[in-house]
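Student: Quick one, fold the following:
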Amino acid sequence: MNPIVAQVLTIAGVLLGSAATFVVTSLTERARWRRTQSARWDDKRLLAYSEYANAVKHMVRLCRRIAETQKLLPTGQPIDLDSAFADLAEGETERAARWETVLLLGEPATISAARAWSEQVWQLEYILREEHPDAAAFTNAYRNAMRLRNEFYARARADLDITSGPLPEITWKSLQPPPSSPDHPTTP
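Tutor: Now for the predicted structure:
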């Protein structure tokens, strides 16, 4: 073989090998960067969703305690209504602050589910602030709030690629009147 051809083939092989190495390295680094960025945003979305859910759940819990005090639910211990409503207003401020992060980082279906859940909690508060709140209306609104909570969690889990399966079905034992016992019959 001609020595010039051998040198050209050697140089071409080196250049081809260098180009292939460059391309493979670039693609690998780009994929690694995308995975890192995806994990970073997943962590931030998880934090945003969980902080928002905790803020809304705090409001739901306050609504439930107020309903128990107003004898709309058969469980719980009475609380001071004035301070509970003040805490509920502070809870709304906290929820609103957490909402901004959900809007910024959330997936559209999850944002819609979060909004529906919040609006239902506002309905709970509206019922509780009535002069004579209706127990059946509150119970139905509370059930709907819990259904919407599960919808929010299902959407958030899908957005975060959590594949452990659906959430368990909600039971409503605490919303049912306690069963009458033979020792303590209920009065009509």
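Student: is it true that T163 lies in a strand?
Tutor: No: T163 is assigned coil when assessed by DSSP: H, G, I helix; E, B strand; the rest coil, not a strand.
Student: how much space between it and Y49?
Tutor: Remark: distance between T163 and Y49 (C-beta to C-beta, to the nearest Å) = 16 Å. The C-beta positions use only the backbone N, C-alpha and C, and glycine is treated the same way.
Student: Compare these two and say which is more crowded by neighbours.
Tutor: Y49 (25 against 7; other C-beta atoms under 10 Å).
Student: ok, the more buried one - contacts?
Tutor: 102, 106, 110, 114, 156, 159-160 (C-beta atoms under 8 Å, 6 or more residues apart in numbering).
Student: By neighbours, which of these wins?
Tutor: Most neighbours among these, by other C-beta under 10 Å: A114, with 27 neighbours.
Student: Let's verify that one: helix, strand, or coil?
Tutor: Following three-state DSSP, the label given to A114 is helix.
Student: so it touches E107, yeah?
Tutor: No: at 10.4 Å, A114 does not count as touching E107 under the criterion of C-beta atoms under 8 Å.
Student: ranges for the helices of the protein?
Tutor: Taking DSSP state H to define them, one finds helices in the chain at 3-69, 81-105, 108-129, 135-159.
Student: hmm, back to that, format the contacts of Y49 as CSV; extra columns: pLDDT and distance to F138.
Tutor: Putting these into CSV (pLDDT from 0 to 100; distance: C-beta to C-beta, whole Å) gives the following:
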residue, pLDDT, distance to F138
V102, 96, 26
G106, 94, 29
T110, 97, 27
A114, 98, 22
A156, 95, 26
D159, 92, 31
L160, 92, 32
